[in-house]
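Visitor: Whatever this is, show me its structure:
(chains A and B)
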Amino acid sequence: MSKTDTKQSSQWTEKEKAIFRFFFLFFTLLALPLSVDLFKIIFGVNWLHINYSDIFNLTRLSAKFIPGDDSFINWLIIAVLALIGSLAWAKSRFKDADYDELYYWLRVIVRYRLAIGIIGYGIIKVFPLQSPFPSISNLNTAYGDFTDWKIFSMSLGIVPGYEAFLGGVEVLAGLLLLFRKTATIGAAIILVFTGNVFISNLAYEGGEYIYAFYLITLALFVLWFDAQRIYNLVSLERPTLPNKFKPAFAGTSRIVRLAGKALIIFFFVVLYGFKARTAIKNDQYQFPRTPGLAHAAGIYNVSEFKINNKALPYSATDSVRWKDVVFEKWATFSIRSNRPVAIDSANYEQVFADDKDRYYELAGSAGRHYYSYSIDSVNQVLTLENKNHHYKGEKLVLNYSRPDTATIILSGIDQKQDSIYVVLNKIDKKYPVQLSRRKSLKL
Amino acid sequence: MSDNKQHSANTESTDKNIQAAQPWSAGKKFGFRVLFILFLAMSIPFSGNWYTNVFQLNWLRPHYRDLYDIARFQPSFVTLFGGQRGGDITDAPAEKSGDKKGGKHKKQANGISDKAKTAGVSGNKNNTTPGADVFPPERHWLLDYIDWGIALLIGLVGGLIWTLFDRKSKSYPILYYWIRVVVRYRAGIGIIGFGFTKLFPTQMPYPSLGLLNTNFGDFTTQKIYWLSVGIVPWYQVFGGIVEIVAGTLLFFRRTTTYGAILLAAALGDITFVNYAYDGGVHVYAFYFVLLSLFLIADDVPGLYNLLIREKYTVPFKVYPDFKKPWLRYTRIGLKALTFIIFFGVLTYTEVINFKYDPYKQPATAGVKKLRGNYRVTEFKVNGKDIPYNPLDTTRWQEATFENWTTLTFRVNKPVQIDPSNGGGSPMRDLQRTFEISGVAGGQRAYYYYADTIDKVLYLQDKNAVAARGGARGGRRGGNESKADKPKKDNWISKTALAHIGDENHMIDKRAWSARRDREFAVPPRESKRNKMTLTYDTQDGSRVILSGINEKKDSIYVVLDRYERKYVLPKSTLVAGKYN
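Guide: Residues are numbered from 1 along each chain as shown, chains lettered A, B, ... in the order given. Sure, this is the predicted structure:
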């Protein structure tokens, strides 16, 4: 392809060229998925039956030479590499290439990387997967027993319409970035939106502030192209020259370009969106998939509690007696008691396929102990295992009987090998968050 | 890289210049006239309260709310023409509202943050279900914007009249400049008013002990939103900075567009949040979006031409000649006045507010020994002991004494939820309801007067909705105030009152203000709130024995044992109020 437009080639000073060489390498390395996780994803994914979570993990790849959490050290490594590379470049035969053209292509790389990244998060909000509606256990945990981040996530989860709106803004910004002339607008949207995400992550101790900063940096670069022009026109109120470089694609290169764009939109928006939509109907990724005991979901008062045949009365202080119990719609059982809880905390975006790894419901929360369970409906036995990594291996084996729809009687062996007998009575609890504020509420 | 200097001999530019000086079409002129009047109507306060506030403002003893109420107003033609609406600047506390003609209801003027805000409630006096007079009537969503519709109508009518009388004008570039100034300052002042209540974070209070002990599922959607920002005061500070920066950018011509874009983005988000969390300030938030869009419109054609069409763009702007001395001095004077009031005085009053009298949190320190989380070890009603039982509908489950003058306790008995947002800025602690509004799960919060000499607590239920709803359904307004003549409350004896002291002066001297004095000068009416009178007996506060008469006139005997409750939620380094 060649450049059209006037023969007036812009003047690049030597200093500008040197700076550009560094940033060209820096941003190219930053934008490419040079991650130790890359191979895990490419070879781990079943490309014929791709999941929306796989696509998300793809969009989330960024420079990572050191395995583990995101870190600015990776940026430092890239900066050093870029510096070395730019010095070598200055001596090589490429030092007098067409810098306008290079700038164009660099901006293309960054635009597309940024678009894919922001749409990655956008889609899982448009179909509110990122922050699900809180579970019954979450609703029955004291406010002070949550981490900041967990509260933030649940507070967003109760308004899926708003979550979808936020996702829509992200997807829009991403789409605007795919087109040269609207890219600046998309970048401006991201600056404001992701700027807020960055600060929220710091405030709520979420784990995504480095990645948010990454997106902001890319957006700043995209915006920079037009920044001086905008300042000149809007603030200095002077006549302003537009961008002069227009790439020309002819023949096969034109077809390749359009096909490339279409492919990206298809894969990262259409297919991804479709998969996310199906998932939200069939498999909320934050919560386990296996269904729980039929028609048992709800919160139960523990009206009787016997341990080794000794009955324990209601107590505010006893650390053994259960206070209340929740059966979720899925196969999780949680107990509120005075027994202390060490928090299991993960606060960055991960999508897990296996039920046993899905610990969003207990992440960042104390006050309750959470057990995944399997049902033996023939013998009427529930086998419970503590989901919290700090209490790995805790197991209870309980026989269950259901004399009526609102009562469940459990008896068996608890995690300390004591025999327990528990009578659960369902509480008909209403939650104001599910009722309209505008009606008079007495709860 | 290309440069943006003057580029001469370009045919496009001369075309543009010629166009710029040409007279406006009839359509454009009419459109301008309508918009001019519309935005004038939208940007000028029309409620009596606003002017009363400004004229009775004591600049030597100011309160942050005096200034906030200057910044906080919106088009309110319905009330002007005698209709009923939620009230404009509103902080009539629940008890007083019976006085006002037509029932002025508690409605919140709340701030706007990047994340969102919600606010209180506008009421309608014709609803007769118990407590429902506090709730907005069911009505079409567009009706919320009726005041804007009226402003538009005024604009259209005014525009027509103007067109008939004005045949000579070819264009209105100078008037356009001035209406932009009006809108810029209106939007700037308005948003800065909010920004400061976040910069010194008082708009969203950090949750009290009572709130921390409440289940997440026992809050209304609106409450969840407010608490989610309250728990991170530094984020609130950031929100305040963004708002203040956006507002400041609006005061200067060269940065107006950036400020307007930031404002439109932030408040557009807040509008959505209000619809999603069922807040109540969606109209006021969208008002700022409208003003911002009007300001951005000026630069949109130029930017479109430059960035999308990629053509050489020559801006054309007309400004009044500021070399004329009267214009120059007026301009400098107005700017200086705005800055002094909204950056000088407002900052000072907000700092005082944060440190000594955070407006949503009771300001008076509670009894020093009575602090913290307590288990209810013993509970007797009329001599009969009730053992701990989560299902019992009388026994207190747990109790807290806050840092301030509130006792909270939870009972397994439903309570009418106070749907408001606990805002406005009432001076009396009793009316600062943030700690109980939007809270279900059987939580109760009682404000107390402490007679520390005779060791008696005089408690009143902070949830006024619960009392009203129970006692009577139906109309507030004229009838009620006639039926209950303001009787002086005499459930507290004169000696006790002397021991308790003057609530007005129980806060730090630096926070005393004319506004506070005014509100305290109105004696409290006898209210229908639940009341308790309890003696307290304790050595160092770790075991407290309360005994006396509860709200149902039963005698109770309660033994409370303090315990250290560890929360996962981190405390913040920014703590509002002074309670030591």
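Visitor: residues contacting the residue of chain A found nearest chain B?
Guide: Proximity of chain A to chain B (Cβ to the nearest Cβ) peaks at A:Leu139, 2.7 Å away. All C-beta atoms are positioned from the backbone trio N, CA, C, and that covers glycine. Applying Cβ atoms under 8 Å, 6 or more residues apart in numbering or on different chains to A:Leu139 gives the contacts A:431, A:433, B:215-217.
Visitor: just the helices in the stretch 201-350 of chain A please.
Guide: Ranges of helices in the stretch 201-350 of chain A, per DSSP state H, counting those that start in this stretch, are A:209-230, A:252-265, A:272-282.
Visitor: swap in the stretch 1-150 of chain A?
Guide: In the stretch 1-150 of chain A, the helices defined using DSSP H, counting those that start in this stretch lie at A:14-31, A:38-44, A:52-59, A:72-91, A:99-126, A:136-139, A:148-157.
Visitor: Export these as JSON lines, with columns for mean pLDDT.
Guide: Formatted as JSON lines, those follow (pLDDT from 0 to 100):
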{"stretch": "helix A:14-31", "mean pLDDT": "92"}
{"stretch": "helix A:38-44", "mean pLDDT": "84"}
{"stretch": "helix A:52-59", "mean pLDDT": "88"}
{"stretch": "helix A:72-91", "mean pLDDT": "92"}
{"stretch": "helix A:99-126", "mean pLDDT": "94"}
{"stretch": "helix A:136-139", "mean pLDDT": "96"}
{"stretch": "helix A:148-157", "mean pLDDT": "95"}
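Visitor: Get me the contact residues on the stretch 251-400 of chain B for chain A.
Guide: Contact residues, the stretch 251-400 of chain B versus chain A (Cβ under 8 Å from any Cβ of the partner chain): B:254-255, B:257-258, B:261-262, B:265-266, B:272-273, B:275-278, B:299, B:302-303, B:306-315, B:317, B:375-376, B:387-391, B:397-398.
Visitor: Please check those residues and keep the buried ones.
Guide: Buried by 16 or more other Cβ atoms under 10 Å in any protein chain shown: B:255, B:257-258, B:261-262, B:265-266, B:272-273, B:275-278, B:299, B:302-303, B:306-307, B:310-315, B:375-376, B:388-390, B:397-398, out of those.
Visitor: Find the one among the helices of the stretch 201-350 of chain A with the highest mean neighbour count.
Guide: By mean neighbour count, with neighbours taken as mean count of other Cβ atoms under 10 Å in any protein chain shown, helix A:209-230 ranks first of those at a mean of 20.
Visitor: now what about it, what contacts it?
Guide: A:23, A:27, A:30-31, A:60, A:62, A:70-72, A:103, A:107, A:110-111, A:113-114, A:117-118, A:177, A:183-184, A:186-188, A:190-191, A:194-195, A:197-198, A:201-202, A:240-243, B:4, B:303, B:306-307.
Visitor: Buried among the residues you listed? Need that as a selection in ChimeraX.
Guide: Remark: buried members of these, expressed as a ChimeraX selection using 16+ other Cβ under 10 Å:
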select /A:23,27,30,31,60,62,70,103,107,110,111,113,114,117,118,177,183,184,186,187,188,190,191,194,195,197,198,201,202,240,241,242,243 /B:4,303,306,307
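Visitor: from the chain's centre, how far out does stretch A:261-271 sit?
Guide: Put simply, stretch A:261-271 sits 20 Å off its chain's centre (Cα atoms, centre = their mean, to the nearest Å).
Visitor: That stretch - what's its average pLDDT?
Guide: Mean per-residue pLDDT for stretch A:261-271: 93.
Visitor: One more: stretch B:362-375?
Guide: Averaging pLDDT along stretch B:362-375 gives 94.
Visitor: what distance separates the start and the end of it?
Guide: Stretch B:362-375 has an end-to-end distance of 23 Å (Cα to Cα, to the nearest Å).
Visitor: what comes up buried for it?
Guide: The neighbour-count check on stretch B:362-375 (16+ other Cβ under 10 Å) flags B:362-367, B:369-375 as buried.
Visitor: of all the residues in the stretch 51-200 of chain A, which ones are close to chain B?
Guide: Residues of the stretch 51-200 of chain A lying near chain B (Cβ under 8 Å from any Cβ): A:103, A:134, A:136, A:138-148, A:151-152, A:154-155, A:158-159, A:161-162, A:165, A:181-182, A:184-185, A:188-189, A:192-193, A:196, A:199-200.
Visitor: May I have the secondary structure class of the closest residue to chain A within chain B?
Guide: Proximity to chain A, evaluated over chain B using Cβ to the nearest Cβ, is greatest for B:Gly217 at 2.7 Å. Applying DSSP: H, G, I helix; E, B strand; the rest coil to B:Gly217 yields a three-state assignment of helix.
Visitor: Could you give the number of residues near it?
Guide: 26 (other Cβ atoms under 10 Å in any protein chain shown).
Visitor: Now do it against B:Ile436, distance only.
Guide: Distance, B:Gly217 to B:Ile436, by Cβ to Cβ, to the nearest Å: 17 Å.
Visitor: quick revisit: could you pick out which of the residues of the stretch 251-400 of chain B next to chain A are located in strands?
Guide: Counting by DSSP state E, those place B:375-376, B:397-398 in strands.
Visitor: hmm, back to that, quick one, which of the residues of the stretch 51-200 of chain A next to chain B are buried?
Guide: Buried members of those, counted by 16+ other Cβ under 10 Å: A:103, A:134, A:136, A:138-148, A:151-152, A:154-155, A:158-159, A:162, A:165, A:184-185, A:188-189, A:192-193, A:196, A:199-200.
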